[in-house]
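# Sequence and predicted model, in that order:
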Amino acid sequence: MTLDSIQRINGTLHIENCNLIQIAQQVDTPCYVYSRNGIRQRWQAFDAAFAQQPHLVCYAVKTNSNLAVLQTLAQLGAGFDIVSGGELARVLSAGGNAANVVFSGVGKTTNEMRFALQSGIKCFNIESEAELYRLEKIAAEEATPATISIRVNPDVDPKTHAYISTGLKENKFGVSFDKAFELYRYAAASAHLVVHGIDCHIGSQLLDLSPIQEAAKRVVAFQQKLAAEGIYLQHIDMGGGLGINYQDSDSAPSPAEYVTAIVQAIAQPDMEILVEPGRAIVGNNGVLITKVEYLKENEGKHFAVVDAAMNDLIRPSLYGAWQNICEVQETDDEKQLFDIVGPVCETGDFLGKQRLLAVQEGDYLAVLSAGAYGFVMSSNYNTRPRAAEVMVDDTTIHIVRQRETLDDLMRAEQLI
Ligand SMILES: *Cc1c(COP(=O)(O)O)cnc(C)c1O
C-alpha cells in the first residue's frame, strides 16, 4: 500500500484510526479524506533532515490549499510557497506567518504584488525582467523595499512528465543564468529592491536525485560568479518536486535522502536553504472515496460507473496519471477487470482503466494518492458540486470543507 497513513483493519480501509466506510456514510460521496498526522510527519521529515543547516521548508500551497491543511502546517512553523494573492490570503487565514512566505509564479499582478509587499512576505521569486521592473515600481510607491530572488532556469532534464517539467530552456519558467546576472546587477543597485536569494524549480514527481543535485551545482557556480561582482546571496531555494510512490514499483527517495542530496551538493553549512515540497507532503496522505452507482458491460468490456468524475480528480484525464484504486471493504468475491468511469459527458472521464476489482453497485472505492493536485484542481463541470473534504486526526473526524450546494454554484449568476 503506497499511502503512508492508511491501513486495513478486518478488511476495511482506515485512515489513521477512522473507518472509511463510516466517513463515506456520514459525509456522503465523493469525498476527500486526509491524514493530519501523516501530513505532519512528512513536513517534519523534511525539516529534521536539515539538522544544523539554516533552512525553511516552504509547503507549496497550490498542491492542497484547504485551510485545515495550511493550519496544520502553520502550527509546526512551516514556510509556504504561494503562486497567487488568493493563496496568500489562505495562508494568513490559516494562521501562517507572512515572514515565512515566498511568492513564485510567472504572472504576478500589480494587486497581488502590493498585497504581498504590504503583508511583509519573506521573498518574491522573480521570473522575468518585466516582473522585476514592475515590482521595483510598486516598492517605490509603497516606500517598502521588496526582497527578491531571481528564479533561474538551470536547464537540466528532470526526467519526468513533459507537462510537469519546468527547468528546461524551452519552458516558460525562470530566466537563463546570463539574464539573471544582468537582473542581479540591476537589483543590487536599486534603492527599492533587496537581493536576498536565488531560486529554481526543475519539475515535479522527481524520482531520481541526480537532476536536482546537478541543478544545485549549477546554482552554486552562478552564486560564485555573483560573489565576484560583490553580490552576496543569503539563501538558495531549490524549489519542490520530490516525487511519491503511486505504485508499489515506484521508488521515490525519502525526504531525508532528498534533503541530504541538496545539502551535499550546495556544501555551504551557513547558507540558508529553502525547499518547496508539495506533493511529497500531502500526496500519499489523502484518498478520494467514491461510490459505485452502476455496473455495465459493453462488448465484453466491464465498466464501474462511480459518483466521482474528472471534475473531482483530473490527473488521470489530464496527464494520463495512474493512481491506485481499491475496494474500501475487501471481500473474497472473484475479481474482474473494470474501467472506473465517472458520469461526466466526456470519453476522457475516467479514474482508472483495466483495474482488477470485486465490486457491486453501492460499494465504495478509494482512489489512493489523491492528497496532492486533487481537490485543488476540481471544477464544477456538468454543474457538479465540489466534493466534501475531511481531515482525520487519530480517531477524530473533522469535516474541513462542506460539500458544495447547488445554491453555492448559482450564487454569482443572474437572470436578465
Ligand atoms: C508546483 C511547485 C512546487 C511544488 O511542486 P511539487 O512537485 O508538488 O513538490 C514548488 N515550487 C514551485 C515554484 C512550483 O511551481
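Right, received. Where do you want to start?
# Next to the ligand, which bits of the stretch 301-416 of the chain? Give me the list.
The stretch 301-416 of the chain comes close to the ligand at residues residue 372, as judged by Cβ under 6 Å from any ligand atom. C-beta here means a position set from N, CA and C on the backbone, and glycine is covered the same way.
# distance between stretch 342-358 and the chain's centre?
24 Å (Cα atoms, centre = their mean, to the nearest Å).
# what mean pLDDT does it have?
For stretch 342-358, mean pLDDT is 94.
# and if you look at stretch 203-216?
For stretch 203-216, mean pLDDT is 96.
# change the start of the numbering to 19 and stick with it
I'll keep to 19 as the first residue from here, and by that count the last item is stretch 221-234.
# And that stretch, what's buried?
By 16 or more other Cβ atoms under 10 Å, the buried positions in stretch 221-234 come out as 221-224, 227, 229-234.
# who's in contact with the closest residue to residue 234 other than its chain neighbours?
Of all residues not flanking residue 234 in the chain, residue 283 sits nearest, at 3.7 Å (Cβ to Cβ, 6 or more residues apart in numbering). Residues counted as contacts of residue 283 (Cβ atoms under 8 Å, 6 or more residues apart in numbering) are 230-231, 234-235, 238.
# Can you give me the end-to-end span of stretch 377-394?
28 Å (Cα to Cα, to the nearest Å).
# nope, stretch 206-226 is what I was after
35 Å.
# one step back: next, give phi and psi for the residue nearest to residue 234.
With angles defined as degrees, to the nearest 10, residue 283 sits at phi -70, psi -30.
# that older thread, with the buried residues of stretch 221-234 in mind, which one is nearest to residue 368?
Distance to residue 368 across the buried residues of stretch 221-234 (Cβ to Cβ) is lowest for residue 223, with 20.1 Å.
# Wait, the closest one touches residue 296, no?
No - Residue 223 lies out of contact with residue 296 (Cβ atoms under 8 Å); the separation is 10.5 Å.
# ok, back up a step: can you put the buried residues of stretch 221-234 in JSON lines and add secondary structure and distance to residue 353?
Listed next are the buried residues of stretch 221-234 as JSON lines, based on DSSP: H, G, I helix; E, B strand; the rest coil; distance: Cβ to Cβ, whole Å:
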{"residue": "221", "secondary structure": "strand", "distance to residue 353": "36"}
{"residue": "222", "secondary structure": "coil", "distance to residue 353": "32"}
{"residue": "223", "secondary structure": "coil", "distance to residue 353": "29"}
{"residue": "224", "secondary structure": "strand", "distance to residue 353": "33"}
{"residue": "227", "secondary structure": "coil", "distance to residue 353": "37"}
{"residue": "229", "secondary structure": "helix", "distance to residue 353": "39"}
{"residue": "230", "secondary structure": "helix", "distance to residue 353": "39"}
{"residue": "231", "secondary structure": "helix", "distance to residue 353": "42"}
{"residue": "232", "secondary structure": "helix", "distance to residue 353": "44"}
{"residue": "233", "secondary structure": "helix", "distance to residue 353": "44"}
{"residue": "234", "secondary structure": "helix", "distance to residue 353": "46"}
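# who in the stretch 169-318 of the chain is up against the ligand?
The stretch 169-318 of the chain has residues 219, 222, 257-260, 294-298 near the ligand, with proximity defined as Cβ under 6 Å from any ligand atom.
# Now intersect the residues you listed with the strands, please.
Among those, DSSP state E puts none in strands.
# Mind checking which of those residues land in helices?
Using DSSP state H, the members of those that fall within helices are 297-298.
# Tell me which two of the residues of the stretch 169-318 of the chain next to the ligand sit farthest apart.
Greatest spatial distance in these: 219 and 298, 13.3 Å, computed using Cβ to Cβ.
# Mutual contacts of these two, please.
residue 258.
# Surely residue 320 and residue 355 touch.
Yes - at 6.4 Å, residue 320 counts as touching residue 355 under the criterion of Cβ under 8 Å.
# These two: which is more packed in?
Comparing residue 320 with residue 355 by neighbour count (other Cβ atoms under 10 Å), the higher total belongs to residue 320, at 15 against 11.
# Check which helices and strands the helix or strand where the more buried one lies is in contact with.
Residue 320 is part of strand 319-324, with elements assigned from DSSP states H and E. The contact analysis (3 or more Cβ pairs under 8 Å, 6 or more residues apart in numbering; DSSP states H and E) places strand 319-324 against strand 304-316, strand 354-359.
# Domain boundaries for the chain, per the record?
Here the domain assignment for the chain is 24-52+301-428, 123-293, based on automatic domain parsing.
# Just the helices from the chain, written as ranges.
Along the chain, counting by DSSP H, helices occupy 38-45, 54-67, 85-92, 103-111, 128-137, 147-160, 195-206, 228-246, 273-284, 297-300, 333-337, 424-428.
# Most tightly packed of those helices?
Each of those was scored by mean neighbour count; the highest is helix 297-300, a mean of 29, by mean count of other Cβ atoms under 10 Å.
# and whichever residue of the stretch 69-218 of the chain sits closest to the ligand, how many residues sit next to it?
In the stretch 69-218 of the chain, the residue that lies nearest the ligand is residue 78 (3.3 Å; Cβ to the nearest ligand atom). For residue 78, the count of nearby residues is 28 (other Cβ under 10 Å).
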